[in-house]
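**Q** fold the following, please.
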Amino acid sequence: MLKNQAQAEIPTDWGKFTMIAYSEKEDDWMPHLVMIHEKTDFTKTVPVRFHSECITGDIFHSKRCECGKQLHSAMDYFSKNGGILIYLRQEGRNIGIINKLKAYNLQDKGRNTVEANLDLGLPADGRSFNEVIEIMNDLKVKSIFLLTNNPEKIKAIEKSSIVFKGRIPLEIQATKENEAYLKTKKEFFKHKLNIE
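**A** The predicted structure is shown next:
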């Protein structure tokens, strides 16, 4: 069972958030992180984004993906409307940063993001969203608007006791560096993207 191991107020460029570290063990160095904006109203349907860690995009602003820009767009949204970010420690669709870098090398040789993972003997997408449900139940979230383009995230909510009230698109303009990656997201993973 995931537990709230610690929490504190964090002032950010997007306003004040309460950050909570969720883990089974208190000494876990990589807990899932929750950011609850001060404007969040738990008596109403709550805007939520669950975002899998992307060190390259989130921290170093890599142009190979749109992860960092999605994260910042969600934070912008929360600054105006309140909401919750659940930051899952599932780097590279849960293959880890080392394998992710190996996959990048294969992509540079012509493989797409799915093919590269499979070539390494890894799943196309090894993520689980069960922890999200656990965390939202602990926070007593009853119904949500989900900031996502990913139909698998919607399915995870619809299978739970949490009421899914609607999707808020979080589409980022494609660039020459990430266009192929976004096309794979749309074609293989069926993400709701306006890209040809």
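**Q** helices of the chain, start to end?
**A** 67-81, 91-94, 96-108, 113-119, 130-138, 151-158, 179-187 (DSSP state H).
**Q** and the residue nearest the centre of the chain, what are its bridge partners?
**A** Most central in the chain under Cα atoms, centre = their mean is His51, positioned 1.2 Å from the mean C-alpha point. Note on His51: beta-bridge partners by DSSP bridges are Tyr87.
**Q** any idea which of the helices of the chain is most buried?
**A** helix 91-94 (a mean of 21; mean count of other Cβ atoms under 10 Å). For the C-beta atoms, the positions are set from N, CA and C on the backbone; glycine is no exception.
**Q** low-confidence ranges in this structure?
**A** Scanning the chain for pLDDT under 70 picks out 196.
**Q** please redo it, this time with the cut-off set to 90
**A** Where the chain drops to pLDDT under 90, the residues are 65, 92-94, 113, 124-128, 170-176, 178-196.
**Q** was I right to think Glu53 contacts Ile86?
**A** No - using Cβ atoms under 8 Å, Glu53 is not in contact with Ile86; the gap is 11.1 Å.
**Q** and for Lys63, the neighbour number?
**A** 15 (other Cβ atoms under 10 Å).
**Q** Leu120 too?
**A** Quick note: Leu120 (other Cβ under 10 Å) scores 15 neighbours.
**Q** and it, backbone torsions?
**A** Here is the backbone geometry of Leu120 (degrees, to the nearest 10): phi -80, psi 0.
**Q** right, I'll call it a day here.
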